[in-house]
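Visitor: below: sequence and its predicted model.
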Amino acid sequence: MGIVFQPQNDENRAGLLEDFIEKAGGCAVIDGGFATQLERHGAFINDPLWSALCLINSPHLISKVHLEYLEAGADVIVTSSYQATLPGFLSRGLSLEQGEKLLEKSVKLATGARDLFWESVNKMGDHAYNRALVAASIGSYGAYLADGSEYSGYYGKDVDLNKLKDFHRRRLQVLVESGPDLLAFETIPNKLETQAIAELLEEEDVQIPSWICFSSVDGVNAPSGESFADCIQVLNTSKRIAAVGINCAPPQFVHTLVQKFKELTGKVIVVYPNSGETWDGVAKRWLPSKCFNDDKFKVLATRWRDSGAKLIGGCCRTTPSTIRGLSKVLKQGSLANN
Ligand SMILES: C[S+](C)CC[C@H](N)C(=O)O
Ligand SMILES: N[C@@H](CCS)C(=O)O
Ligand SMILES: [Zn+2]
């Protein structure tokens, strides 16, 4: 039997994610770089919409990448909506309705791939897969700006709490209505956006559990320079947020940050770092730097798990092969595979 994930009420939201993790063997595996894998299949994403351009031009590649990550052993797959925003689509001449349809499509492509994969592995008989959860990706405001500010946290003086809530509100509503299992807020770079998300989840009475992941460029603080203690403080009282962590930061930062986060919160810790390369927001390309291959990633991931992370995957420049390795090493000894 697969794990069925059906949030029922306010109180058990985090509990359901924890149950899923427990049934997955104590540590669930998230997929890897989504845009990265689209590019490896030839998708053109050097664009203000980045990987969301594929929702318009090449949805078949999105399904293909989801299936590749499922096959590699991901227990949680993240939708292609990181940089899919209504203002972004409107600025391309699409109508509001068309933009909303694309957001819905990002969830449907993922749930469709998950259901197809689950049906096909069950036909095979014995297997070690779990029925995966679908997390709807919600990239930061900085991702929409497409100027690299998800790694600086600097949104300019005109951006206040209400502006960030307005930016996130309709996309959040549409994604929730599309039926994902989880919400994945990704590369959040500052306290203001953290607070906007926490308040919005409350105002919109969102019943689906969320994780919030921060980026980090120094391994100590949020990209804005604000401390993680300050950022996490605004999340700790929110029942809507089931997990907190780091994504798209270099792997060498993660171990210390997991330890720090364990001290700052009782929530599930989620980590999915990039390969260690650095994004050049002006040239729109990854600059080679200290890069971790799949073998090094595997070794580090066991340390992240041993220090308390319970959702572990990869972000940009990691691939299905990274996730296959992670799945193998993190599930060794697990009795819980269905
Ligand atoms: C996670 S970053 C590499 C995504 C792309 C960025 N928001 C941009 O559009 O430049
Ligand atoms: N979910 C996105 C995150 C980019 S930082 C991706 O993997 O492409
Ligand atoms: Zn990334």
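Guide: Structure's in. What do you need? Ligands and ions are numbered 1, 2, ... in the order given.

Visitor: CA atoms for contacts and neighbours, from now on please.
Guide: Noted.

Visitor: skipping its backbone neighbours, what lies nearest Trp118 in space?
Guide: In space, and not counting its chain neighbours, Trp118 is closest to Arg131: 6.1 Å by C-alpha to C-alpha, 6 or more residues apart in numbering.

Visitor: quick one: distance of stretch 16-23 to the chain centre.
Guide: 17 Å (C-alpha atoms, centre = their mean, to the nearest Å).

Visitor: ok, back up a step: got the confidence number for the residue nearest to Trp118?
Guide: Arg131 carries a pLDDT value of 97.

Visitor: ok, now Ser289?
Guide: For Ser289, the model assigns a pLDDT of 80.

Visitor: run a quick neighbour tally on Gly245.
Guide: Other residues near Gly245 come to 28 when the count uses other C-alpha atoms under 10 Å.

Visitor: quickly find the element holding it.
Guide: Element membership for Gly245, per DSSP states H and E: strand 241-247.

Visitor: other residues contacting that strand?
Guide: By C-alpha atoms under 8 Å, 6 or more residues apart in numbering, the residues outside strand 241-247 that reach it are 13-14, 17, 186-187, 198, 209-216, 235, 254, 258, 261, 267-274, 314-315.

Visitor: how near is the residue nearest to Trp118 to ligand 3?
Guide: Plainly put, Arg131 is 24 Å away from ligand 3 if you go by C-alpha to the ion, to the nearest Å.

Visitor: buried set for stretch 255-266?
Guide: The neighbour-count check on stretch 255-266 (16 or more other C-alpha atoms under 10 Å) flags 255, 257-258, 261-262, 264-265 as buried.

Visitor: cool, and stretch 47-61?
Guide: 48-55, 59, 61.

Visitor: check the burial of the spatially closest residue to Lys191 that is not a sequence neighbour by counting its neighbours.
Guide: Setting aside the residues directly before and after it, Lys191 is nearest to Cys231 in space (C-alpha to C-alpha, 6+ apart), at 4.8 Å. By other C-alpha under 10 Å, 22 other residues sit near Cys231.

Visitor: quick check: Cys231 touching Ile188?
Guide: No: counting by C-alpha atoms under 8 Å, Cys231 stays clear of Ile188, with 9.9 Å between them.

Visitor: any idea of the mean pLDDT in the strand or helix carrying Ala184?
Guide: Secondary structure from DSSP H and E places Ala184 in strand 182-188. Strand 182-188 shows a mean pLDDT of 98.

Visitor: low-confidence ranges in this structure?
Guide: 1-13, 333-338 (pLDDT under 70).

Visitor: ligand 1 contacts on that one?
Guide: The chain has residues 48, 50, 143, 146-148, 279, 281, 284 near ligand 1, with proximity defined as C-alpha under 6 Å from any ligand atom.

Visitor: in helices only, show me these.
Guide: Judged by DSSP state H, helices contain the following of the residues of the chain next to ligand 1: Ala143.

Visitor: just put the residues of the chain next to ligand 1 in a markdown table and tack on distance to ligand 2.
Guide: Output for those, formatted as a markdown table (distance: C-alpha to the nearest ligand atom, whole Å):
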| residue | distance to ligand 2 |
| --- | --- |
| Pro48 | 13 |
| Trp50 | 9 |
| Ala143 | 8 |
| Ala146 | 12 |
| Asp147 | 13 |
| Gly148 | 11 |
| Trp279 | 10 |
| Gly281 | 12 |
| Lys284 | 13 |
